[in-house]
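Q: turn this into a structure:
(one chain, ligands or ions: 1)
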Amino acid sequence: MIIPKPTADTSDFETLARRVDEAIAAIAGLDEPAKARATDLKDAIEAFHKLALTRMVRALKADPRGKELLFDMVDAPEIRALLTMHGILRADPLTRATRALETVKPYVQSHGGDVELVRLEGDTAVVRLSGACQGCSLSAVTLRDSVTEALKAQVPEIARVELAEPEPDLIPLDSLFAAPTATGWVEGPLASEVSPSRGFRLALDGPAGERSVVIFRIGETLSAFHNQCAHQGLPIDGGLIDPTGGTVTCPWHGFCFDAKTGECLTAPEAQLEPLPLQVRDGRVFVRVDGR
Ligand code: FES
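A: The predicted structure is shown next:
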């Protein structure tokens with residue numbers, strides 16, 4: 001049997017999406033028994049696809065090369081839409097807001113400024129602008145407007161954008177370095193020094209060391225991980241923490257993780273590598289042996 005090749009007008013993403021919408025609308029107009037039958041068929045096909053897709057994603061995730069391929073593939077809109085539709089991929093507003101800022105950052109930086117997302121509170125995004133974005137010059141106002149426009153356009157849930165205070169130029173307190181002892185335990189900060197709004201970076205090879213640990217606080221719970229995102233291994237200590245949702249969003253490409261368990265909420269089965277953590281006499285200790 002010869003399978004006809006899809007033609008341009010039936011295979012592009014927009015056309016296929018429209019066909020699906022039209023078919024669903026047509027089902028809604030059927031009499032009750034036919035509607036139930038058609039809905040049952042649709043649900044069964046979707047469940048079958050979800051099962052197969054979940055297995056494919058798991059298999060890809062099990063192999064480092066497959067994992068890399070998977071992360072590349074989800075950039076394609078049709079693959080992202082398919083995985084999102086089946087609940088295999090979740091893009092939350094925080095992730096989309098982070099991505100929105102990434103799109104406008106090159107423009108802001110080309111004008112000597114910078115921008116970062118501080119938090120989302122309901123329909124309000126709080127951003128911090130620095131460099132040329134501060135003050136009230138014409139260019140600062142233009143840059144602020146561009147940031148606001150990008151956020152509102154790409155994250156419809158955002159109705160307002162507020163500015164956070166610029167950060168003081170101090171060496172951050174939430175950064176230490178320490179070497180593991182023979183037992184593998186590393187002395188970290190006081191538990192009270194771990195902020196709920198920022199990961200605490202604990203370097204293991206001196207202040208600029210490549211190996212580091214990140215400690216997060218969600219409420220009273222502290223958790224420690226190797227300071228490497230499960231996506232491309234870049235440091236995640238600068239990630240955006242959502243204390244309400246208990247998540248941290250990687251500042252590099254916006255993957256979102258459960259800050260207590262390290263489970264990735266953006267790509268199934270990716271995982272930050274957790275480390276044993278203890279609090280003794282108010283001080284945090286993390287065990288990093290085995291690496
Ligand atoms: S390194 Fe890409 S999302 Fe974290």
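Q: give me the below-cutoff pLDDT ranges for this structure.
A: The model of the chain has pLDDT under 70 over residues 1-11, 90-91, 131-140, 165-183, 205-210, 289-291.
Q: which parts of it sit against the ligand?
A: 229, 231-232, 234, 250, 252-255 (Cβ under 6 Å from any ligand atom). Every C-beta, even on glycine, is put in place using the N, C-alpha and C of the backbone.
Q: can we see that at 5 Å?
A: Applying Cβ under 5 Å from any ligand atom, we find that the chain lies next to the ligand at 229, 231-232, 234, 250, 252-253, 255.
Q: strands of the stretch 101-250 of the chain, start to end?
A: 113-121, 124-131, 160-163, 175-177, 185-190, 200-203, 212-218, 221-226, 240-242, 247-249 (DSSP state E, counting those that start in this stretch).
Q: and the residue of the stretch 1-150 of the chain nearest the ligand?
A: Nearest residue of the stretch 1-150 of the chain to the ligand: residue 71, at 7.6 Å (Cβ to the nearest ligand atom).
Q: quick check on that residue: phi, psi?
A: Dihedral pair for residue 71: phi -60, psi -30, per degrees, to the nearest 10.
Q: what sits against it?
A: Contacts for residue 71 (Cβ atoms under 8 Å, 6 or more residues apart in numbering) come out as 231-232, 267.
Q: repeat that for residue 79.
A: residue 73.
Q: again with the one 10 residues further on
A: Residue 89 is in contact with 74, 80, 83, 266-268, counting by Cβ under 8 Å, 6+ apart.
Q: which PyMOL command selects the buried ones in these?
A: Selecting only the buried entries of these in PyMOL, with 16 or more other Cβ atoms under 10 Å as the criterion:
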select buried, resi 74+83+266+267+268
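Q: got the contacts of residue 89 as CSV, with distance to residue 98 columns?
A: Shown next, in CSV, are these (distance: Cβ to Cβ, whole Å):
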residue, distance to residue 98
74, 15
80, 16
83, 19
266, 11
267, 15
268, 19
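Q: farthest pair within the contacts of residue 89?
A: 80 and 268 (13.2 Å; Cβ to Cβ).
Q: just the buried residues of the residues of the chain next to the ligand.
A: 229, 231, 250, 252-253, 255.
Q: would TSV of the residues you listed with distance to residue 274 be doable?
A: Below are those laid out as TSV (distance: Cβ to Cβ, whole Å):
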residue	distance to residue 274
229	14
231	17
250	16
252	20
253	21
255	16
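Q: elements contacting the longest helix that the chain contains?
A: Counting residues, the longest helix in the chain under DSSP state H turns out to be helix 32-62. Packing partners of helix 32-62 (3 or more Cβ pairs under 8 Å, 6 or more residues apart in numbering; DSSP states H and E): helix 13-28, helix 64-73, helix 77-85.
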